[in-house]
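build me a model:
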Amino acid sequence: MSNPQLPPIFDQTPMAIVPNFCLAEFPVNTFLENIAIDAQGMLFVTSYEDGKLYKINPSGERREFAKVDGKAAGIVFDQNGNLFVSGVLKDGISAIFKVTQGKVETLVTIADAIFLNGMTHLIDDRYLIADSYLGAIWEFNATQNSTKIWLEHELLDRRSLENPIPAVNGLKIFQRTLYASNTQHQTLVQIPLGSDSNAGTPEIAIKNVNIDDFAFDIHGNLYGTTHIYNSVVRIAPDGTVTTIAEADQGVTGSTSLAFGRTERDRTSIYVITNGGMSLPPSTGVEPAKVIRLEVGVEGLTLTP
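Sure thing, here's the model as predicted:
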């Protein structure tokens, strides 16, 4: 059922609900924000508001793995299997953290950043981080522990400073192109990568899609969380949108997703949620969840 507070962009979207399973559940008002999965099948999930990182095994057993002194948003593996996390310190300064076997180190602070969010590996020791309120993408060089603006552009920016919905949000690379969701614009932006992996000219790839985070399968289908639309959609390379999970499948407040990486779950995606904290359903905020969806197609391996 569509929410009357939202533009009905998915009301006519065809549905093809896939098999689903609830792997884990968290207390109400837990804002699960981002997910990374290692080659052994362990899920690492950020809890934004309290800065916690959870480690969840394939059976759904979870434990607190680490905690940053602030808030934790984006998460990505480094080339040694450790984790980089984007977030903010308690004093409001944006920061990039490194998590090694549960130990947290603040690598660098970025005074000019506003809202660090989704992360992806670019090349070598270079990583990209969306700044959802600055309307820019930062580059983090892990060898030099340095940051710089990789791209700042109106297609990444906010239309309204009063609107709390993030602008540039999720980041993924597919076929030498960086794709970036702009959730406030309800667009997907494509940015070609140059020979030095610097940014080419951005352009809109898809309009009228409310995408938070996303992942690609090997055929170029995009699977996206719609957050306040409480669903997961599949977008084919020709732009056709199909809903594959809704609130009934447990994805209320879907924020992020990632493909499994073992033989057991390569054709599954793991979706994390906040239970509707950003726009509560009429029935109230639900427990946050980790939902496994069986999509039947193998995903890309995006970690270094």
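
quick check: mean pLDDT of stretch 109-128?
What stretch 109-128 shows for mean pLDDT is 97.

please tell me how far the nearest residue to R158 once chain neighbours are set aside sits from T46.
If the residues on either side of it in the chain are set aside, R158 comes closest to A167, at 4.4 Å by Cβ to Cβ, 6 or more residues apart in numbering. To be clear about C-beta, it is placed using only N, CA and C from the backbone, and glycine gets the same treatment. Using Cβ to Cβ, to the nearest Å, we find A167 at a distance of 20 Å from T46.

re earlier: burial count for the residue nearest to R158?
Other residues near A167 come to 28 when the count uses other Cβ atoms under 10 Å.

could you pull up phi and psi at it?
In terms of degrees, to the nearest 10, the main-chain angles of A167 are phi -90, psi -110.

mind listing residues that contact stretch 109-116?
Stretch 109-116 is contacted from outside by 73-74, 86-89, 93-96, 129-134, 138, 147, 166, using Cβ atoms under 8 Å, 6 or more residues apart in numbering.

how about stretch 86-94?
Defining contact as Cβ under 8 Å, 6+ apart, one finds that stretch 86-94 is touched by 46, 48, 51, 68-75, 95-97, 106, 109-111, 113-119, 129, 131.

could you find the closest non-adjacent residue to S160?
The shortest distance from S160 to any residue other than its chain neighbours is 7.4 Å, reached at Q184 (Cβ to Cβ, 6+ apart).

check I173 too.
Of all residues not flanking I173 in the chain, T120 sits nearest, at 6.1 Å (Cβ to Cβ, 6+ apart).

name the helix or strand for the one you found, please.
Using DSSP states H and E, the element containing T120 is strand 116-123.

who does that strand pair up with?
The strands beside strand 116-123 in its sheet (DSSP bridges) come out as strand 126-131 (antiparallel).

can you tell me the SS state at L134?
Classification of L134 using DSSP: H, G, I helix; E, B strand; the rest coil returns coil.

now do it, the pLDDT please.
Here the pLDDT value assigned to L134 is 97.

could you do L300 as well?
If you check L300, the pLDDT there is 85.
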